[in-house]
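Participant: sequence below, structure please.
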Amino acid sequence: MDTDIDTDTDTETYAKVYLAGALYRSREREMGILQRFAEELTAQGRRVGGIVQEALRNEDGSISGLDVVELDTGHRIAINRPRKSDGDSKTCSLDTQALAETSSAIQRAISQTMDLIIVEKYGEQEQMGQGLASDILQAVAEGIPTLVAVPDGVCDKWREFTGEMGDEIPYSLTAFRSWWEQVQAHGNKP
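Facilitator: Got it, this is the predicted structure:
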């Protein structure tokens, strides 16, 4: 948010925070929308970094795993490969070492000052302040517009994490485009 504080001795201007939480209903998110948005911006000459997720499917259409795809390189990281024992014991099949590897994509996008960083993940690890949480905050602190997929069931945790800064938008291509137009209107990126 834009905030000017006037005092008798000086004026401080705080920068606009270019952060959006794209809210989706758990298990109802259409995978691939953030990837399409990144491809649109790239076709317009924008530099987009970060990560998106891609579900892997069995022959019957059921999900057999989850890959993270780095937007700038296309490199795939196998982040989740559930086993029958995970379902039976109700344990998480997230590969935390692979999650740590995904951080490098965000760090690279920050160091290259990308026009936009996309993070298709605000999961349990991030809600606990782990995973990609510090990467998201660093991107925002660097002034890089950052778009994060957020399950609507954790809005309170998201608001606490962000200090209620930034925007909350629907998880749709139309909303992503509209938010990006607002970012551009504020002159953050050429």
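Participant: contacts for whichever strand in the chain runs longest next, please.
Facilitator: Secondary structure of the chain per DSSP state E: the longest strand is strand 48-57. Applying Cβ atoms under 8 Å, 6 or more residues apart in numbering, the contact partners of strand 48-57 are 31-32, 34-35, 38, 41-42, 63-72, 76, 79, 102, 105-106, 108-110, 112, 114-121, 146. All C-beta spots, glycine's among them, are computed from the backbone N, C-alpha and C.
Participant: need the buried ones from the residues you listed selected in PyMOL.
Facilitator: Per 16 or more other Cβ atoms under 10 Å, the buried members of the contacts of strand 48-57 correspond to this PyMOL selection:
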select buried, resi 34+35+38+41+65+66+67+68+69+70+71+72+79+102+105+106+108+109+110+114+115+116+117+118+119+120+121+146
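Participant: hey, which helix or strand in the protein has the poorest pLDDT?
Facilitator: Taking mean pLDDT, DSSP states H and E as the measure, strand 3-6 is the helix or strand of the chain with the lowest mean score, a mean of 40.
Participant: now the residue most central in space within the chain: how far from residue 28?
Facilitator: The centroid of the chain falls nearest to residue 119 when counting by Cα atoms, centre = their mean (2.1 Å). According to Cβ to Cβ, to the nearest Å, residue 119 and residue 28 sit 19 Å apart.
Participant: how about residue 147?
Facilitator: Between residue 147 and residue 28 the computed distance is 19 Å (Cβ to Cβ).
Participant: who has more neighbours, these two?
Facilitator: Per other Cβ atoms under 10 Å, whichever of residue 147 and residue 28 has more neighbours is residue 147, with 27 against 9.
Participant: mind checking the SS state of the more buried one?
Facilitator: State at residue 147, reduced to three classes by DSSP: H, G, I helix; E, B strand; the rest coil: strand.
Participant: which residues sit in contact with it?
Facilitator: 19-20, 22, 34, 37, 116-119, 176, 179.
Participant: all helices for the protein, in order.
Facilitator: Per DSSP state H, the chain carries helices over the ranges 33-43, 84-89, 96-111, 124-127, 133-141, 155-162, 173-185.
Participant: quick one: those as CSV, columns for mean pLDDT and distance to residue 51 too.
Facilitator: Listed next are those as CSV, based on pLDDT from 0 to 100; distance: least, Cβ to Cβ, whole Å:
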stretch, mean pLDDT, distance to residue 51
helix 33-43, 97, 9
helix 84-89, 46, 22
helix 96-111, 89, 5
helix 124-127, 90, 12
helix 133-141, 96, 10
helix 155-162, 95, 18
helix 173-185, 96, 16
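Participant: of these, which is nearest residue 59?
Facilitator: With Cβ to Cβ as the criterion, residue 59 lies closest to helix 84-89 of the helices of the chain, at 17.0 Å.
Participant: circling back: now, which of the contacts of residue 147 sits nearest residue 127?
Facilitator: The shortest approach to residue 127 among those belongs to residue 119, at 13.4 Å (Cβ to Cβ).
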